[in-house]
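Colleague: the sequence isn't on hand, but the structure is:
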Ligand SMILES: [Zn+2]
Ligand SMILES: [Zn+2]
């Protein structure tokens, strides 16, 4: 039985999430309620996303839509190909669409959304919220169904009050833990790039990610996936250790996973 048959047997109610890729070379997150399946970003090539879905036992033909967070190529590289190949509508903010220029080519169907305004894709309720990142109109998302809530916040320089507010009460969180500040400062990147990453419009450090998580953790949180790790300025062990330290030793309700650039993660099914 493949993963989607297992989901069918469970019935179209619990949300499931699979990180297909995460990092500066490409990002794609699969979210499904069994009946409606989305990709939040498609930043690998179309064929690579298709392959990773197949590895995970997921069927690209059963996708319902692609939702785009911002126009950086590590988030949109495969959007056009997948939209055309599988006739998928693409939910995207008008400013992001404009900023993407011709990077995506023709899209099968464009469904504009506006940051701060909720919208639905079948039974999935999405809320795009503003993030602090050097893109035209960058968004994080919450995706809710039947009391379960998935929060996605990668590509943010700082966790603003609004981000914290939106990420409260999540059942599953995908949270950026981009870099270890010492590795970044002492690493090989040119100084302007180091400054960009550290800035309010750059990427969230392991420390900041840990502090945010310590603040918003609650008993209903089941899974946290640390994501968009730098391959140059971070290691999965450092990200995990730093976040664990910020959380202290107290008992907790959730598991922490670390997303990876080179292979897809496991399919997490919320009960
Ligand atoms: Zn990115
Ligand atoms: Zn970005």
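Modeller: Perfect, thanks for sending it. Because the structure is a prediction, the values reported are computed rather than measured. Ligands and ions are numbered 1, 2, ... in the order given.
Colleague: quick check: bridge partners of residue 38?
Modeller: Here residue 38 sits in beta bridges with residue 31, residue 65, as judged by DSSP bridges.
Colleague: who's in contact with it?
Modeller: 30, 31, 32, 63, 64, 65, 66, 67, 121, 124, 143 (Cβ atoms under 8 Å, 6 or more residues apart in numbering). Where C-beta positions appear, they are placed from N, C-alpha and C, glycine not excepted.
Colleague: cool, and residue 174?
Modeller: Shown in contact with residue 174 (Cβ under 8 Å, 6+ apart): 17, 19, 29, 150, 151, 152, 153, 154, 225, 227, 259.
Colleague: what bridges to it?
Modeller: Counting by DSSP bridges, the residues bridging with residue 174 are residue 152, residue 225.
Colleague: how about residue 141?
Modeller: Bridge pairing for residue 141 - DSSP bridges - gives residue 128, residue 152.
Colleague: that one contacts residue 126, doesn't it?
Modeller: Yes. Taking contacts as Cβ atoms under 8 Å, residue 141 lies within contact range of residue 126: 5.8 Å.
Colleague: follow-up on the earlier one: make a markdown table out of the contacts of residue 38 and add pLDDT, neighbour count and distance to ligand 1.
Modeller: Formatted as a markdown table, the contacts of residue 38 follow (pLDDT from 0 to 100; neighbours: other Cβ atoms under 10 Å; distance: Cβ to the ion, whole Å):
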| residue | pLDDT | neighbour count | distance to ligand 1 |
| --- | --- | --- | --- |
| 30 | 98 | 24 | 17 |
| 31 | 98 | 24 | 17 |
| 32 | 98 | 27 | 22 |
| 63 | 98 | 23 | 21 |
| 64 | 98 | 17 | 23 |
| 65 | 98 | 21 | 20 |
| 66 | 98 | 28 | 16 |
| 67 | 98 | 27 | 15 |
| 121 | 98 | 20 | 22 |
| 124 | 98 | 22 | 23 |
| 143 | 98 | 25 | 19 |
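Colleague: how near is the residue nearest the centre of the chain to residue 90?
Modeller: Centroid check for the chain by Cα atoms, centre = their mean gives residue 152 as the closest residue, at 4.8 Å. For residue 152, the distance to residue 90 equals 17 Å [Cβ to Cβ, to the nearest Å].
Colleague: what do residue 141 and residue 126 both touch?
Modeller: Shared contacts of residue 141 and residue 126 (Cβ under 8 Å, 6+ apart): residue 67.
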